[in-house]
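Q: the amino acid sequence is not available; the structure is as follows:
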């Protein structure tokens, strides 16, 4: 990715994800890239974007250089419109008030299922990961944008453990399991932008990032991707996007 | 009731009910006589008595001459320890935090069931009464003290409509209906103080008020009362009890 | 009964989700007039009413709905006071879902309620107070029911086939499942909110937070519209988030003659005169009251001036005293 | 699994009621020392922990429980941070029920958690964040379960036989019933409360209100004990009523090195040093940390002075800034 504007993979993720957000949306965001991207969108194009945190915050405005270390810290409430209980803010997802759920991912499969619980046998895991947090609730109840690093070990045919449901086994399995609402909308990586086809609900490429080839994406993906005949190339991050992003995270806590 | 201290029937009810309360109890009270009696107890013997209102108040201290017109008015919150939602204060009953539910009654039967919904056929009532309010919840979930006027038409064998459950059809029917907790503890009238026997759960006389005879009570009761061999006579209201009560309700809104 | 079952029937989840997704939940100013707000309430709508008894009643909105001659509204409220009289007496509602319905404890039975219910002109659907709260809460949570431990064994339940008794799958205990209540529209009066609808309520909350989340449309009336900065300075006093709110109307003394916490107590002279008049003659007395106070005035200010400056000042003095020691 | 089913089994209603009725719920002063409060937590108890991640963690109480060498505690919390490390690393808990367990997003995986869970020394029972919240809420409401629409279809649910899938009796929809969680004891840290235990919390509430209502015993630690008059001046800031509370301990900086809303932010230098030390050597590093900071100090003040005056001042400056514009 040696474009006009050199940037890190994390910066690319943040910029491209921010572009997926629309003004006026209600966005349930995790910390790290999701919060950075939502705040970037807020500053550049979407002054009416509302950010929700699972700690119990509605309408946060993150201050440059004061990124919260988690969604449960007081910094999340600075200049917020409302503070409420953690369960209550999650219930807003269930009632349908949230337009977009926005999180990172450790491991994803062809149906957009996410694993953040364990590698290996769940009963006796090789690696025990931190777990779902609100991830399972958000992805069960909202339309999802996931921003994550693109590596073969992270893009697998089937995740070891479905922590946060995508389309489960594809087709109508998600709705049949009792999850008629929401589902994966976009997956953003440093290599490409993905959505999911309407029938099989398998991951498909929408656009390649500047300078990235189909082969490069395939080589870094552990399953067969769907390719539309119309695949575009994403616009590279602009100087303004990167400058704003770096202003928000001057210590480069999240943008690497 | 021509005792040393002349008083109205309502004053007698308030004084005798107040005596049933113990310091430190958590009491869920309705307005009118229950609130007056609880406040009287608070002033005279029970500084640690906590009063809950269904409007959403914990630990109210009613000011003399400023009795709230309902349990949903701001006066109920004056110097309260906590204000919360109406459903949430009722849920405290369900969780078991309330020692005593304390209310008035329009019609009661031999098993302590109360009717405040209708006279005649519920589908087509002769008189439509105001309904349960929190009464059904309180009497379903707490030990009850009921203060009411003693008239034959109010003390009936079976109420036209069970709005607030007592012991339903007696015996174990209350628990079998899904109400294992709480139940009628005392009924206080201007004539006598009643409890309920342990087996049949029928209303029985504990004590006659000063100058009242068994016959007088029976003549004003529409069902056969249980008489213990040990029936005491209640102590008449003291000058201090009446003076405090009248200080609390100077306009005599509730004490007649 | 069949009608009331229909009235309380639980909405399928995807229908609820679609109704929410059709609303414009963006951060936008939504200040409108009482007249415009009333136009958002369709004839036959199910209407959730905020506050309780004589407290934070959205009286100005009810006043406007009556002036707009709405029809066949089905209203729900935790506890109903003279607002219920007016809804029945004006003929705009023929069904009220609540736990208690009279003018106030001080005044015994409502002759207006009795006239309409005993005469079969309108229905009073009774639930326990907690059941009403849990029905709004289920609606606000986006679940079809909540379990409770009251109403069991009573005739209140016998009259409510909409609720379902179950044996608990965990404990085997008897429980009652009360169905979610998601009104078409909620009317809520608050002390202050911003132009987006971020609402702050002081003191007693009643069931208004659950109601706001449950309703498919929310109309807020407010004593005062404040700046968004004012809201953001005390975010933990915000009780209703803007994206639940569809319209905001500024109406000073919007609960008169009822109270609004911290601002004014009930206007008791007016209340007592009202009660005497309508309980003496539930039809003629009510008609005269509506003509003079509801249909007659050209504006809300004129309505307030009929209640009288002295009453407003006295009610305000009492109302503000809650903070004064 | 069998143990964890036992650990999460729903308590019959009458057992819950009897447990409440045995508590002295009268309005009484209940201020005690950390040592006395710790004596109220029995070995093998189920312990609900207030706050979330690095916020309003009842660290002083956890510190005391570790010093008192408690055994086999089963702990539940919305989201677990270094408090979980310390509970496992000290050996006082062998079971944690939560939705997320690491030191913090900034630091990746907790090597301490991994060491204990992957090595089979302790169990990490995972539920979704909302499920944990609804389990506490059901416990606080006195009902055996609440219905939710998440966890369905996931392996998180496959690992949790304690939850039950049902077909909704109203809509026929698939729903998940999550079992009530009523811990034996809850540990909650607040900004202020009175000697009776009327607790006021500012800012983020997390799940503490439901937890306080759900637990069969509540131990409050507070930055400051204030007068009952102070509480009664702002009753709508009171979030936990005194009759749910069994003990009150005044502990300034009682969440250190985590944050307490409006008073201090996390003490990040200390946190980073801690994380580096224990993730480098989950056993030896943890032992050294516990020896120095938990077993070593003669008092909480001494523990704080090991974190350092400079860190406390800086964290306080940041913490108070939330109110300063």
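A: Received the coordinates, thanks. These numbers were taken from a predicted model, which means no experiment stands behind them. Residues are numbered from 1 along each chain as shown, chains lettered A, B, ... in the order given.
Q: report pLDDT for residue 33.
A: Went with chain A since none was named. In this prediction, residue A:33 carries a pLDDT score of 93.
Q: wrong chain, I was asking about chain C
A: You'll see residue C:33 listed with a pLDDT of 98.
Q: ditto for residue C:114
A: Confidence at residue C:114, expressed as pLDDT, is 98.
Q: what strand or helix carries it?
A: Taking DSSP states H and E as the definition, residue C:114 sits inside helix C:111-118.
Q: briefly note if that helix comes near chain B.
A: Yes. Using Cβ under 8 Å from any Cβ of the partner chain as the criterion, contacts between helix C:111-118 and chain B involve C:113-114, C:117-118. C-beta: built from backbone N, CA, C; applies to glycine.
Q: tally of neighbours for residue A:247?
A: Number of residues near residue A:247 (other Cβ atoms under 10 Å in any protein chain shown) recorded here: 12.
Q: do you know how far the residue nearest to it when sequence neighbours are not counted is from residue C:24?
A: Closest residue in space to residue A:247, ignoring its immediate chain neighbours: residue A:64 at 5.2 Å, by Cβ to Cβ, 6 or more residues apart in numbering or on different chains. Distance, residue A:64 to residue C:24, by Cβ to Cβ, to the nearest Å: 30 Å.
Q: wait, a helix at residue C:190?
A: No. The assignment for residue C:190 is strand, going by DSSP: H, G, I helix; E, B strand; the rest coil, so no helix is present there.
Q: for the nearest residue to it once chain neighbours are set aside, give me its contacts.
A: Leaving aside its sequence neighbours, residue C:190 sits nearest to residue C:199 (Cβ to Cβ, 6+ apart; 4.5 Å). The neighbourhood of residue C:199, defined by Cβ atoms under 8 Å, 6 or more residues apart in numbering or on different chains, consists of C:188, C:190, C:192-193, C:212, C:220, C:222, C:238-240, C:245.
Q: now for these, which pair is the farthest apart?
A: When Cβ to Cβ is used, the two most widely separated members of the contacts of residue C:199 are C:192 and C:212, lying 15.0 Å apart.
Q: quick one: which of those two has more around it?
A: A direct count of neighbours by other Cβ under 10 Å for residue C:192 and residue C:212 places residue C:212 higher, at 24 against 20.
Q: the more buried one contacts residue C:246, doesn't it?
A: No. In this structure, residue C:212 sits apart from residue C:246 without contact. The criterion is Cβ atoms under 8 Å, and the distance is 10.6 Å.
Q: overlap in contacts, the two.
A: Shared contacts of residue C:212 and residue C:246, counting by Cβ under 8 Å, 6+ apart, come down to residue C:218.
Q: what sits against the residue nearest to residue C:106 when sequence neighbours are not counted?
A: Distances taken as Cβ to Cβ, 6+ apart place residue B:69 nearest to residue C:106, at 5.6 Å, with adjacent residues excluded. Contacts of residue B:69 were listed using Cβ under 8 Å, 6+ apart, and they are B:31, B:75, C:54, C:104-106, C:266, C:268.
Q: same list, these, but as a markdown table with secondary structure please.
A: Putting the contacts of residue B:69 into a markdown table (three-state DSSP) gives the following:
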| residue | secondary structure |
| --- | --- |
| B:31 | coil |
| B:75 | helix |
| C:54 | coil |
| C:104 | coil |
| C:105 | helix |
| C:106 | helix |
| C:266 | coil |
| C:268 | helix |
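Q: quick check: residues of the stretch 151-256 of chain A near chain D?
A: By Cβ under 8 Å from any Cβ, the residues of the stretch 151-256 of chain A that approach chain D are A:161-165, A:168, A:173-174, A:177-179, A:253.
Q: so which of the residues you listed is the closest to chain B?
A: Distance to chain B, by Cβ to the nearest Cβ, is smallest for residue A:178 among those, at 26.8 Å.
Q: state which strand of chain A is the longest.
A: Counting by DSSP state E, the longest strand found in chain A is strand A:226-233.
Q: now the helix or strand that comes right after that strand: buried residues?
A: Downstream of strand A:226-233, the first helix or strand assigned by DSSP H and E is helix A:239-248. Of the residues in helix A:239-248, those with enough neighbours to count as buried (16 or more other Cβ atoms under 10 Å in any protein chain shown) are A:241-242, A:244-245, A:248.
Q: stretch A:42-55 now?
A: A:42-44, A:46, A:49-55.
Q: can you tell me, leaving aside adjacent residues, what's nearest to residue 120?
A: With no chain named, the answer covers chain A. Closest residue to residue A:120 apart from its sequence neighbours, by Cβ to Cβ, 6+ apart: residue A:126 at 3.2 Å.
Q: can you look at chain C instead?
A: Nearest one to residue C:120, counting by Cβ to Cβ, 6+ apart, is residue B:124 at 7.5 Å.
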